[in-house]
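Engineer: no sequence for this one, just the structure:
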């Protein structure tokens, strides 16, 4: 401010006139605060699958301009697609994981920028369907006794939640209790009957849920001891061979079979019955209490027979009969001739001691049209290849051939075979073991 001082009095009046000492005054100018404007709307957010059925949301900050300021924070809203039932979370930043969403459902998502001036417009909406997550583990299954030593297994579907989808199928595994030697069956449904279990044995059982995404965790273990074994009839055995033996005689068939498997409703076989009949006649002759193999004798030579076998045990009923196996007896007898191989031979050389072998083949009753020899490493399986043709040797019903010992060292058998129509073998005799060095 200027400084004034008074002037002297004049006449009867006195005037006080303040005169400025200095006429210089400092100028002060105020700067107005800048105006903060709300931000622009961000672009549509990018949605990708997160963990479980969550969605990962990313976005970029909106541009600033003369009418929009910078965003300092963001809000996010989501809703089941098309429902408009928005759930808003504030103060978020990119990327943001939306969790707690239903699996396999479409969701709308939008983002909004904010600053001290307020909030901007919502971004355009992006939509994404959440993943169908693998299911939860079911609760421990409930086990109960079924027939025999079987166990009945039931379980409930596991609950679904934000990170676990619904189960569409189930797997089940079982093991002798505590062993961890699991046997797994896939694609089962509740209730499921576990079969083939040992009697009076503790069994661990677990269940696993699955869907298109994959399998969940195994349930807790349930354990139950199977029922004690009862006396159940055996399963049906399996015939492995029916053939005439190569002993040079007719009227015989040798029958072999294997024991049937046991399971929760079938016990072990302790004996067997066998029956045979002229093929197709159904006039059965039964042999009880036999064991494999059995040689049937006294049969008609050169005829076909049906053979069946049945298993028995202490149960009141036996197993079902096997399906009939049909085979024919030899129709000619075969005997060794005067030339026979020595028990030891040198490989690839003329057979000792006579350079060949002879046989006698007699029709009984099938007509004999020729003979053949064959070296084989088996004394039971009829050779069908490597046959050495035998010619008539001038003796009554006699056939012979010159031959060499096998080319490789080993143990062999020489087969002598009578042939009928079409060169079919109708009688056979095999030697004992011959060592070829």
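Structural biologist: Perfect, I can see it now. Computed from a predicted structure; not experimentally measured.
Engineer: just how off-centre is the helix or strand where residue 90 lies within its chain?
Structural biologist: Here residue 90 is covered by strand 87-92, with elements defined by DSSP states H and E. In terms of Cα atoms, centre = their mean, to the nearest Å, the centre of strand 87-92 is found 48 Å from the chain centre.
Engineer: Can you name every helix or strand that it contacts?
Structural biologist: Other helices and strands packing on strand 87-92, by 3 or more Cβ pairs under 8 Å, 6 or more residues apart in numbering; DSSP states H and E, are strand 73-80. (Glycine included, C-beta is placed from N, CA and C.)
Engineer: Now do the buried residues in the strand it packs on.
Structural biologist: Neighbour counts over strand 73-80 (16 or more other Cβ atoms under 10 Å) mark 74, 75, 76, 77, 78, 79 as buried.
Engineer: Return the member of the residues you listed nearest to residue 436.
Structural biologist: residue 78 (87.4 Å; Cβ to Cβ).
Engineer: how near is that closest one to residue 91?
Structural biologist: 15 Å (Cβ to Cβ, to the nearest Å).
Engineer: Please apply the same query to residue 155.
Structural biologist: From residue 155 to residue 91 the distance is 44 Å (Cβ to Cβ).
Engineer: quick one: which of the two has more around it?
Structural biologist: More neighbours surround residue 155 than the other of residue 155 and residue 91, with 24 against 9 (other Cβ atoms under 10 Å).
Engineer: neighbours around the residue found closest to that one once you drop the neighbours it is linked to in the chain, how many?
Structural biologist: Once flanking residues are discounted, residue 155 sits nearest to residue 141: 4.1 Å by Cβ to Cβ, 6 or more residues apart in numbering. The number of residues packed near residue 141 is 24, by other Cβ under 10 Å.
Engineer: Contacts only, for residue 141.
Structural biologist: With contact set as Cβ atoms under 8 Å, 6 or more residues apart in numbering, residue 141 has these partners: 153, 154, 155, 172, 190, 205, 206, 207, 219, 222.
Engineer: Which of those residues ranks first by neighbour count?
Structural biologist: residue 207 (27 neighbours).
Engineer: ok, of the contacts of residue 141, which one's closest to residue 368?
Structural biologist: For the contacts of residue 141, the nearest to residue 368 is residue 172 (63.5 Å; Cβ to Cβ).
Engineer: Give me the contacts around the helix or strand harbouring the closest one.
Structural biologist: Per DSSP H and E, residue 172 falls inside strand 169-176. Under the contact criterion Cβ under 8 Å, 6+ apart, strand 169-176 has outside partners 138, 141, 151, 153, 155, 181-190, 192, 194, 197-198, 201-211, 215, 218.
Engineer: filter these to the buried ones?
Structural biologist: When these are checked for burial by 16+ other Cβ under 10 Å, the buried set is 138, 141, 151, 153, 155, 188, 190, 192, 194, 197, 203-211, 215, 218.
Engineer: Skip the chain neighbours and tell me the closest residue to residue 217.
Structural biologist: Closest to residue 217 by Cβ to Cβ, 6+ apart is residue 137, at 4.0 Å.
Engineer: you'd agree that neighbour is in a helix?
Structural biologist: No - Residue 137 sits outside any helix when classified using DSSP: H, G, I helix; E, B strand; the rest coil, being coil.
Engineer: residues in contact with it?
Structural biologist: Contact analysis of residue 137 by Cβ under 8 Å, 6+ apart lists 158, 208, 209, 216, 217, 218, 219, 220.
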